[in-house]
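**Q** Dropping the sequence and predicted coords here.
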Amino acid sequence: MQKVPFGPESMFHLVRDKLYFTVHESEESTVEVICGLPSLFFFSSTIPESYAPFCDDFGPLDISLVVRFCEEVRSKVEHPSLAHRRVVFYTPLVPEFVTNSTTLLCCYLMLFENMTPEGAFARFDRIAGLPLLHYRDATYRMPTFHLTILDCLKGLRRAMDLAWVDPIGFDIEAYCAYYESESHDLNVVSPHFVAFACPADEPAADLPVARSPRDHIGLFKELGVSDVVRLNEAGHYSDQEFVDGGFKHHDLEFEDCTCPSSDVVRRFLDICDAAEGAVAVHCLAGLGRTGTLIGCHMIKHHGFTAAECIGYLRLMRPGSVIGSQQHFLQLIQDCQWHGNEPVASGALLRKVGDGACWNDQTAAPLSPDTQMSSVSEHMVALAVDGPRDDSDRSQRSPPRPEGWSNGNGVENFESHGSDGEGDEEESAAGVPREGQ
């Protein structure tokens, strides 16, 4: 697709000679452009600016906001009074907001204009100089894994193809009722999994909001949960409460902000295989360790790449998978399987040693506690136990197992213009040529 140069206030065609996209430098320029082009309908949204960060993360927006945004755009594109006017979505010239706006508009193009993830993103990728950022994990550390808009789109598309989520019929009210409420903080990630924050009988320093197991039991039964898996340390609640409620309860504790051993991965997947219903998984916040193990299942059984998996998980439960866990899922993506145990070949270990699994980040390595157990001359069982999330890690690369080499809104309802199909590469009547 032919590249066009980016410039503030330039307008870029997205679809059907109907929907356009632009970036404005200031409120003053917005008013000036709207007044100067009365035949066009300009609109914006606060949704791209509404992400609530955990740390230095800025998106992607959760699925409920994706659906809301898409409905906002569709309401403008299909509004009877705008049938003969082109509509232009504008966003402020802030890279984080431009990135979120692009992701959301791509979702609209996928959901309502039947574009592929690649086709939708190509409408923006052709704009040379458009200030797009990579998404990052929910930490304050230097990011070492770059999640792209296309990763998020492909993850959502794969989940839609699996009938895990139907954005068009998505129940926004239910999503918001489940997520970060006073009695529970959970998200239905797929028909197989519920990700949730650790229940607690009493508030604690690491769990200031006490959400009792009792508050989860009725909801879990409604969601078809049969098993509960705890990944963090015990003591916040009595496991017996879930058992008495009719659930199987499993303890698979491993350290916060680290990656699971191959044995933990195997045991988790064994539990999932044996479960009669959905599996509810929690660590402390229900983000890092929880997302990592759910991601292992998604990659092994449903063909997600690591990046697609992370992108989708963050759409369903923002903040999922952090730090070295992102790279761990890349290893899971490329490994072989001995039953439910992940197995890494010598070639994969060399790939990791060359930095190919680490987004070409070659900063000084950490010295984590790791274990590698030999399976045969050419295969080793994967087991990575990363370090704790300490502040001095900010300039360092993710951990490598021992023996791995170090690869160093204003709206305008004025008069309308003509409608019709136009060529993508040429200016529509009344619309400045792209890049100008």
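**A** Done, it's in. Residues are numbered from 1 along each chain as shown.
**Q** from memory residue 5 sits against residue 129, does it?
**A** Yes: taking Cβ atoms under 8 Å as the definition, residue 5 is a contact partner of residue 129 at 6.1 Å. Just so you know, the C-beta spots here come from the backbone N, C-alpha and C atoms, and that holds for glycine as well.
**Q** and residue 229, that's in a strand?
**A** Yes: counting by DSSP: H, G, I helix; E, B strand; the rest coil, residue 229 is part of a strand.
**Q** What's the local residue count around it?
**A** Applying other Cβ atoms under 10 Å, we find 23 residues neighbouring residue 229.
**Q** Residue 222 now?
**A** Using other Cβ under 10 Å: residue 222 sits among 8 other residues.
**Q** can you check the one 4 residues further on too?
**A** The local packing count at residue 226 equals 16, with neighbours defined by other Cβ under 10 Å.
**Q** Adjust the sequence numbering to begin at 35 for everything that follows.
**A** Noted, 35 is the first residue going forward, which turns the last one into residue 260.
**Q** give me the element it is part of.
**A** strand 259-264 (DSSP states H and E).
**Q** so what strands line up beside that strand?
**A** Next to strand 259-264 in the sheet, as set by DSSP bridges, lie strand 282-285 (parallel), strand 312-316 (parallel).
**Q** what's in contact with that strand?
**A** 228, 232, 254, 273, 276, 281-287, 302, 305, 309-317, 327 (Cβ atoms under 8 Å, 6 or more residues apart in numbering).
**Q** please redo it, this time with the cut-off set to 7 Å
**A** The contact list for strand 259-264 (Cβ atoms under 7 Å, 6 or more residues apart in numbering) reads 228, 276, 281-287, 302, 305, 309-316.
**Q** What does the pLDDT read for residue 199?
**A** Note on residue 199: pLDDT of 95.
**Q** And the helix or strand following the strand holding residue 260, what does it pack against?
**A** Next in sequence after strand 259-264, counting helices and strands by DSSP H and E, comes helix 273-278. With contacts taken as 3 or more Cβ pairs under 7 Å, 6 or more residues apart in numbering; DSSP states H and E, helix 273-278 sits against strand 282-285.
**Q** Pull out the buried residues from the strand it packs on.
**A** 282-284 (16 or more other Cβ atoms under 10 Å).
**Q** show me where pLDDT drops low in this structure?
**A** Applying pLDDT under 70 to the chain flags the ranges 383-470.
**Q** quick one: the helices in it?
**A** 61-70, 97-111, 129-146, 151-159, 183-195, 206-212, 248-256, 273-278, 296-308, 322-336, 340-350, 358-368, 380-387 (DSSP state H).
**Q** which residues touch the third one?
**A** Contact partners of helix 129-146, identified using Cβ under 7 Å, 6+ apart, comprise 48-49, 55, 57, 81-83, 85, 92-95, 100, 103-104, 107-108, 123, 125, 149, 151, 154-155, 157-158, 164-167, 183, 186-187, 190-191, 201-202.
**Q** These, buried ones only, as a PyMOL selection?
**A** For the buried members of those, the matching PyMOL selection, counting by 16+ other Cβ under 10 Å, is:
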select buried, resi 48+49+55+57+81+82+83+85+92+93+94+95+100+103+104+107+108+123+125+149+151+154+155+157+158+164+166+167+183+186+187+190+191+201
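**Q** Residue 174 reaches residue 89, doesn't it?
**A** Yes: applying Cβ atoms under 7 Å as the test, residue 174 and residue 89 come out as touching, 4.8 Å apart.
**Q** thinking again about what came up before, adding distance to residue 76, write the strands paired with strand 259-264 out as a markdown table.
**A** Converted to a markdown table, the strands paired with strand 259-264 look like this (distance: least, Cβ to Cβ, whole Å):
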| stretch | distance to residue 76 |
| --- | --- |
| strand 282-285 | 54 |
| strand 312-316 | 44 |
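**Q** closest to residue 65 out of those strands?
**A** Comparing those by their distance to residue 65 (Cβ to Cβ), the top pick is strand 312-316, with 48.8 Å.
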